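Student: show me the folded form of this:
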Amino acid sequence: MGVRCFWLERTDRVRRWLRRYSSSHMGGWTCAEGWHEAMRPFDDAPAIFEDRLYGTHVHRVLTHREGDRPPDDDPRWPAACATCGTPFPPDEVRQFFYDLLYRRTDTGTILTLKEAPPGAMWDAWWLHGLKGGPLTMPTADGRNIMVKCPNGREWHIDGRASNCTLPNDNAHHCWIRHGEPPNLIVDKNGRTCSAGAGSIQAGDYHGFLGTNGAPPGCFT
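Tutor: As a prediction, the model looks like this:
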């Protein structure tokens, strides 16, 4: 059956961390190449949403109270790289980092999107209201659904395929979804383009959701 999907419900809270990282390195993302990073949990706090105008589009964004940031001499800031233990210089970057929390509707578990395992499915609320283009297509239910594939890569079901054959047509969908999440069937049965056959290509994963012998809401 492959990986079973589950729905993530947005909460009204964020998880916050104290993060430090290298401000300059040799271009790679390993300790040997000069990249160092560490994060320490700080707290959970109410989420703050703002509507901001970008051109003619009102876009909802997530923010928080930067004034809650502790001073630079607070001992809770990480002192060294979490991977190799290299101490951070006193003037190295300090970031008051935050992420929205979600609730698994099947288990009640609270987690961030980064922490969500394969099969997680959620509404990309920050894309609401966009009128087509490279990011998203208008949907009948107003949702823009994302899902984490078996290899951990994210797939935007309501987005445009990289090999879309109708790139200037915002009325069609490169993938057609049927049903209610997380029990979705995704195929080419509807107003669509000629890209693919309803399959998913995300990094090294190539498969199907709810088709090719799998029940609704299951990857093959």
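Student: drop to CA atoms for contacts and neighbour counts, all remaining ones
Tutor: Fine.
Student: which SS state does W126 fall under?
Tutor: Look at W126: counting by DSSP: H, G, I helix; E, B strand; the rest coil, its state is helix.
Student: what's near enough to touch it?
Tutor: 59-61 (CA atoms under 8 Å, 6 or more residues apart in numbering).
Student: let's see 7 Å
Tutor: Contacts for W126 were tallied using CA atoms under 7 Å, 6 or more residues apart in numbering; they are 60-61.
Student: go on, F208?
Tutor: Contacts of F208 (CA under 7 Å, 6+ apart): 199-200, 219-220.
Student: and the pLDDT at it?
Tutor: Per-residue confidence (pLDDT) for F208: 95.
Student: and it, how far is that from A214?
Tutor: Applying CA to CA, to the nearest Å, the value for F208 to A214 is 8 Å.
Student: joint contacts of the two?
Tutor: By the contact definition CA under 7 Å, 6+ apart, F208 and A214 are jointly contacted by T220.
Student: buried stuff in stretch 154-170?
Tutor: Residues of stretch 154-170 classed as buried: 154-161, 164, 166-167 (neighbour count, 16 or more other CA atoms under 10 Å).
Student: between the two ends of stretch 30-42, how far is it?
Tutor: Start-to-end span of stretch 30-42 (CA to CA) is 25 Å.
Student: just checking, next helix/strand downstream of the longest strand seen in the chain?
Tutor: Using DSSP state E, we find that the single longest strand of the chain is strand 6-21. Tracing the chain past strand 6-21, the next element assigned as helix or strand by DSSP states H and E is strand 37-46.
Student: can you give me how far the lowest-mean-pLDDT helix or strand in the chain is from the chain middle?
Tutor: Within the chain, no helix or strand scores below strand 57-63, which has a mean of 82 by mean pLDDT, DSSP states H and E. With CA atoms, centre = their mean, to the nearest Å as the basis, strand 57-63 stands 16 Å off its chain's centre.
Student: pLDDT score assigned to the nearest residue to G179 once chain neighbours are set aside?
Tutor: Excluding the flanking residues, the one nearest G179 by CA to CA, 6 or more residues apart in numbering is I185, at 6.5 Å. At I185, the model reports a pLDDT of 97.
Student: how many neighbours does I185 have?
Tutor: I185: 23 surrounding residues under other CA atoms under 10 Å.
Student: before we move on, what about the one 4 residues further on?
Tutor: By the criterion of other CA under 10 Å, N189 has 12 neighbours.
Student: from C84, how far out is G34?
Tutor: Taking CA to CA as the measure, G34 falls 11 Å from C84.
Student: more neighbours: these two, which one.
Tutor: The residue with more neighbours, out of G34 and C84, is G34; 15 against 12, by other CA under 10 Å.
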